[in-house]
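Quick check, what structure comes out for this input:
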Amino acid sequence: MDRVAPATAARATAYSVVVPTVGRPELARTLRPLLSGGPHAPAEVVVVDDRPAPQGPPAGAEADGVTLLRSGGRGPACARDVGWRRTRTPWVVFLDDDVLPGDDWTAELAADLAACHDGVGGVQGRIEVPPPAGRRPTDAERGTLALATARWITADMAYRRAALEAADGFDRRFKRAYREDTDLALRVLDVGYELRAGTRRSVHPMVRDSRLMRSVAAQAGNADDALMRRLHGPRWRERVGEPPGRLRRHVLTTAALAGAAAAGAAFATGAAFAAARSIRARGAPAAAPRRAPALPPAPRARKRAGAGPAGLPVPVPRRRSGAAPLRRPFSGPDPAAPRGRTFVGVPRPGVRHAPGAVAAPLGDSSGRRGFALRPRPVAAGARARWIAAASVAAPAPGPDRAARACGAAALALGALWLAATAEFAWRRIAPGPRDPAEIARMAVTSALIPPAACAQRLVGEWRHRGARPHGARPVKAVLFDRDGTLVHDVPYNCDPDRVRPTPHARAALDRVRAAGLRLGVVSNQSGVARGLITPDELAAVNAAVEARLGPFDVWRVCTHGEDGGCACRKPRPGLIHEAASDLGVAPHECAVIGDIGADVDAARAAGARPILVPGPATRAEEVAAAPETAARLTSAVRRVLRGGTR
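Alright, predicted model coming up:
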């Protein structure tokens, strides 16, 4: 068996350390073992400041041997991606800014890397989280304790550079410190590398976060889970050994809550309508109607009448043989009667008659006898008083059957929601300290988490509805010209106050950042060679551009004159080659957006995709010669993101 020379082995296990930071005070302690020297010290330590608006370097990052970069607050995935692409060693180790490596960490890391064969793409360190002393951990502390058993997290993870390049680094669409490391691990596995656990150990301090809404805010990670499902399929959790989440139960709980609210609203609406009908039916109080005096029967009816009350005869109609029995008279209004009159007697078919009319026998042409209704004038207000009295005596209408069914459904769904919420709250309370503050916090947040999780998942599904696998897009970086494209052209500008962004510039850049593409600026600045601009003034103007438009991953500026004969001044391709190399992409994976023909010619010479956005300085022949044009910067970016043809 051939032995590897020590120098060759040392070169093969050379590594750099990348630490993204948001300014935590533990950063100085994290860097201390890395900067102590020794035979196993890292070749380079890169700290990436991910604060949106930093005021000076983070504490500890100003030490000798530290390379400080900025990522502009675009999240840990972007910060780590910026950091590892600036290194050149065969291995890159990622550490969190609150992880504390031991004094022997560098030697243990060197042993882990030396034990890896060529098929190993990554080695994970062991994270130790000290539990709280004398009590059970809270919900927030259990989240920190889970780091000790999580797989492939970048709190302490070493990757082979070849594996990072094959997987195309971190996916910048993950904006939070959540799932970006799992996504990278799955892609490294997909390209054929192996991941293993090492022996080195680091300590992660316990996070004591007692904010009430901490767990509710953490549900934003459900949007990242939607992106993971789009990229790796619905069974991605099984590949990383992670148990299923509670999203389905959260959906059931939220549906029960929404259904109970909807059914309760329907019941309340039905009850309100019933109350309104009752109020309208009752109206204003009215006096009881006076009974109309009885009239004596007609003379022909009196012959067949028997004795009635008060000595008045009661008409008894004769029934002929075979004829249908006479129906019992009833009262009701007669719509055909004159206004202000009422009738009583035998009802006409389909007509209701009110009391107050006189029944008289009447014969027809067939010889049959019956009763006819003879109108009797009544006072005009009698009918209204009778209706008012009847309405007062009638019972108030209640909710109809549909409203009562909605009320029952609201009670049932409300009970289901309460049971599901209680079960979820107990699962969180049982392993904790069970003190009053923790119980109250769990009870409140357990009611809020299910709808928050569902809402964030819907947002993620919509936002990433057209997401394609990382690295599958033909364009991975977008390079912009500065003057006339991103900012208004001020010849030989040396004053930062005169920097004015062009319309749609910030919107276009934000769309590129949101899509996870790398971003750079390539610009000719011959004013430095002419002596019209100093290098410091050029840096100040570029800083003003970043302050107004956000951070860029790379700046490449040619300061030579037109007659300098350099290879970088556009329309030569040097700037694009340098920018692509710094971004870790090939020139043909870049799109170059500019406003003049020199930008188009430089992109063509480098093999990149040119897009011309005409401006005041664009000539007509340049527009005609451009292979692709767009009216606005946002339109050009939209074409890049949609993968439109050249």
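
element containing P20?
Per DSSP states H and E, P20 falls inside strand 15-21.

Packing partners of that strand?
helix 27-31, strand 44-49, helix 76-85, strand 91-95 (3 or more C-beta pairs under 8 Å, 6 or more residues apart in numbering; DSSP states H and E). For the C-beta atoms, the positions are set from N, CA and C on the backbone; glycine is no exception.

In that strand, which residues are buried?
Neighbour counts over strand 15-21 (16 or more other C-beta atoms under 10 Å) mark 15-21 as buried.

ok, that strand: who's next to it in the sheet?
Strand pairing for strand 15-21, using DSSP bridges, gives strand 44-49 (parallel), strand 91-95 (parallel).

quick one: which of the buried residues of strand 15-21 is nearest to R511?
Nearest to R511 among the buried residues of strand 15-21: P20, at 23.5 Å, using C-beta to C-beta.

per-residue pLDDT, that closest one?
With respect to pLDDT, P20 has a value of 96.

Leaving out sequence neighbours, find the closest residue to it.
Beyond its immediate neighbours in the sequence, the residue positioned closest to P20 (C-beta to C-beta, 6 or more residues apart in numbering) is A79, lying 3.5 Å away.

That neighbour contacts V47, doesn't it?
No: with contact defined as C-beta atoms under 8 Å, A79 does not count as touching V47 (9.5 Å).

Name the residues contacting each of the two.
P20 (C-beta atoms under 8 Å, 6 or more residues apart in numbering).

Who has more neighbours out of these two?
A79 (30 against 27; other C-beta atoms under 10 Å).

quick revisit: relative to L418, which of the buried residues of strand 15-21 is nearest.
P20 (43.0 Å).

ok so R280 is a helix residue?
Yes: secondary structure of R280 (DSSP: H, G, I helix; E, B strand; the rest coil): part of a helix.

Could you report the neighbour count for it?
9.

give the contact list for G72.
G72 is in contact with 50, 52, 546, 550-551, counting by C-beta under 8 Å, 6+ apart.

Please read off the pLDDT at it from the model.
87.

how far off helix 76-85 does the strand holding P20 point, in degrees?
150 degrees (axes from the mean of the first three to the mean of the last three C-alpha atoms, to 10 degrees).

Contacts for strand 15-21 next, please.
27, 30-31, 34, 42-51, 58, 61, 71, 76, 79-80, 83-84, 87-97, 109, 113, 158.

at 6 Å what do you get?
27, 34, 42-48, 50, 58, 76, 79-80, 83-84, 87, 89, 91-95, 97 (C-beta atoms under 6 Å, 6 or more residues apart in numbering).

Equivalent analysis for stretch 512-519, please.
171-173, 477-478, 552-553, 583, 637, 641.

Show me the shaky parts of the stretch 201-350 of the chain.
The stretch 201-350 of the chain contains residues with pLDDT under 70 at 283-350.

And stretch 236-245, end to end?
From its first residue to its last, stretch 236-245 covers 12 Å (C-alpha to C-alpha, to the nearest Å).

Compute the number of surrounding residues for the residue nearest to L231 when sequence neighbours are not counted.
Nearest-residue entry for L231: P469, 5.7 Å, with adjacent residues in sequence omitted and distances by C-beta to C-beta, 6+ apart. Here the number of neighbours of P469 (other C-beta under 10 Å) works out to 13.

Equivalent analysis for R235, please.
8.

Pop out the phi and psi values for it.
Main-chain torsions, R235, degrees, to the nearest 10: phi -110, psi 30.

That one and V545: what is the separation?
45 Å (C-beta to C-beta, to the nearest Å).
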